[in-house]
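**Q** next come a sequence and a model predicted from it.
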Amino acid sequence: MKKVILSVFAVVLFVLACGETGSPEGTVDRFLQALRDKDKEAALMTIYSGNQETDMQERFYDMWGDVESGAVSVEEWTEPKLTKSEEVSEEGVDVLEVARVETEVTIVQDGQKDTEKVTFEVVRNEFGWFVFEMEG
């Protein structure tokens with residue numbers, strides 16, 4: 001019985017930790033929250049790691065040192081807005097849908113506060129939505 005309770009508890013914790021996985025906007029929000037909270041594992045869970053080429057993971061690791069050390073901090077952002085979405089039906093591609101999400105992100109770097117528009121390309125596969133690219 002203890003194993004069943006622990007299994008159910010683990011599933012509930014996982015679902016709560018993942019937050020809103022059903023939308024591109026929720027994925028961007030979770031990614032930014034993880035950066036703000038310096039939660040590397042949570043941020044990595046939002047980044048695409050399928051069979052399509054992206055440099056998002058490399059870009060994440062390039063900036064993670066600055067985030068972790070406090071040299072750069074994500075302060076706040078506007079509500080992520082979906083600007084475009086389309087289904088993908090190419091054979092051999094694990095991506096089912098592609099969306100573009102925009103938000104204005106305020107960061108502090110070297111004591112200077114700066115707000116910039118950031119556009120995320122977010123993709124959906126059989127496991128949910130994931131950040132594929134980030135521009136801004």
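**A** Nice, I can see it.

**Q** pretty sure residue 43 belongs to a helix, no?
**A** Yes - residue state for residue 43 (DSSP: H, G, I helix; E, B strand; the rest coil) corresponds to a helix.

**Q** quick one: low-confidence ranges for this structure?
**A** Applying pLDDT under 70 to the chain flags residues 1-21.

**Q** quick one, helices of it?
**A** 2-18, 24-36, 40-45, 56-69 (DSSP state H).

**Q** what's the offset of the shortest one from the middle of its chain?
**A** It stands for helix 40-45. Here helix 40-45 is found 8 Å from its chain centre; the criterion is Cα atoms, centre = their mean, to the nearest Å.

**Q** go on, stretch 83-98?
**A** Centroid separation for stretch 83-98 versus its chain: 18 Å, with Cα atoms, centre = their mean.

**Q** how close does residue 36 get to residue 23?
**A** To residue 23, residue 36 is 19 Å away according to Cβ to Cβ, to the nearest Å. Glycine gets a C-beta too; all of them are placed from N, C-alpha and C.

**Q** and the residue nearest the centre of the chain, what does it touch?
**A** Centroid-nearest residue in the chain: residue 31, 3.3 Å away (criterion: Cα atoms, centre = their mean). Contact analysis of residue 31 by Cβ atoms under 8 Å, 6 or more residues apart in numbering lists 43, 46-47, 120, 131.

**Q** go on, residue 116?
**A** By Cβ under 8 Å, 6+ apart, the neighbours of residue 116 are 104-105, 107, 136.

**Q** tell me which of these fall in strands.
**A** 104-105, 107 (DSSP state E).
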